[in-house]
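> sequence and computational prediction follow.
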Amino acid sequence: MIERQGAIEIVGLGHRYPDGTEALRSIDLHVQPGEALALVGPNGAGKSTLMLHLNGVLEPTDGMVSIDGTTVERASLGTIRARVGLVFQDPDDQLFSPTVRDDVAFGPLHMGLAADEVERRVERALKAVGMQGSEARVPHHLSVGQRKRVSLATVLSMDPSVLVFDEPTAGVDPRGRRDVIEVVSGRTETVIISTHDMALVAELAPRVVILDDGNLVADGPASDILEDDALLDAHGLERPC
């Protein structure tokens, strides 16, 4: 069995929706285990489409995606979805159980883990996001920032090697934004962040990939890309303040 490290390999990835929209065009991308990368670009650039290929929600029209050497395909979805945790922009898309504990336990239970291991994972995941003691609370009674934390805990409880965040700071106030940054920073998993928050990119992502109109148009150190005003302007982005 291949050790879970979090390497991502994308080769020639293309995706065309049933209505004919070409959302991705021949994307090549390699991400090293433990690397933190920001995925940026204007609305409709293909960021969400790319993320949904990482755990098999969408199937490629062309090319392939692999995680730690395992190709993302129907036969491997169980393995891939245990390795790749996707944290949605809206936590209400991720939280559906009566209590926080039930939401965080859902993944491990469906992995067939023993009850004592499920409880250990729930406790560990909630502690990691600073939500220990909230097990009996109703998720939809929490603040947006707290719900985002619990959403991350539902993913961490499955012990993934890759964490994928869709607009993690969207809809939160400054305190909630800082909470999100504190939780995400310092993670040892491979981290992919799709965001319009360029200040967040500067804080959390040493590497930046720009998508526009389904094409990968730039890939390099954040220190270079975030200083290139012409490049940013050409793709509807702004240098962080």
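Arrived safely.

> pLDDT weak spots in the chain?
Residue ranges of the chain with pLDDT under 70: 1-4.

> so what's the residue nearest the centre of the chain bridging to?
With distances taken as C-alpha atoms, centre = their mean, Val164 lies nearest the centre of the chain, 1.1 Å away. Beta bridges link Val164 to Leu86, Ile192, judged by DSSP bridges.

> mind listing what's buried along the host helix or strand of Val150?
Val150 belongs to helix 144-156 when assigned by DSSP states H and E. Neighbour counts using 16 or more other C-beta atoms under 10 Å place Gly145, Gln146, Arg147, Lys148, Arg149, Val150, Ser151, Leu152, Ala153, Thr154, Val155, Leu156 of helix 144-156 among the buried residues. The C-beta positions use only the backbone N, C-alpha and C, and glycine is treated the same way.

> and stretch 60-80, by the same measure?
Here stretch 60-80 shows Pro60, Gly63, Val65, Ser66, Ile67, Asp68, Thr70, Val72, Thr79, Ile80 as buried, counting by 16+ other C-beta under 10 Å.

> which residues are contacting it?
Where contact means C-beta atoms under 8 Å, 6 or more residues apart in numbering, the residues beyond stretch 60-80 that reach it are 2-16, 26-27, 33, 53-56, 59, 83-84, 161-162.

> put the buried members of the residues you listed into a ChimeraX selection.
A single ChimeraX command is used to select the members of the contacts of stretch 60-80 judged buried by 16+ other C-beta under 10 Å:
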select :4,5,6,7,8,9,10,13,15,27,33,53,54,55,56,83,84,161,162
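
> rewinding a little: pretty sure the residue nearest to the centre of the chain sits against Arg187.
No - using C-beta atoms under 8 Å, Val164 is not in contact with Arg187; the gap is 11.8 Å.

> tell me the contacts of the residue nearest to the centre of the chain?
Met51, Leu54, Asn55, Val84, Gly85, Leu86, Val87, Ile192, Ser194.

> can you check Ile181 too?
For Ile181, the contact set (C-beta under 8 Å, 6+ apart) comprises Thr169, Leu200, Glu203, Leu204.

> got TSV for these, with neighbour count, distance to Thr21 and secondary structure too?
What follows is the contacts of Ile181, written out as TSV (neighbours: other C-beta atoms under 10 Å; distance: C-beta to C-beta, whole Å; DSSP: H, G, I helix; E, B strand; the rest coil):
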residue	neighbour count	distance to Thr21	secondary structure
Thr169	23	28	coil
Leu200	22	28	helix
Glu203	14	33	helix
Leu204	23	30	helix
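
> could you dump the residues you listed to a markdown table with distance to Gly107?
As requested, the contacts of Ile181 are exported to a markdown table (distance: C-beta to C-beta, whole Å):
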| residue | distance to Gly107 |
| --- | --- |
| Thr169 | 24 |
| Leu200 | 26 |
| Glu203 | 28 |
| Leu204 | 24 |
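
> what is the nearest of the residues you listed to Asn215?
Distance ranking of the contacts of Ile181 against Asn215, using C-beta to C-beta, places Leu200 first at 23.2 Å.
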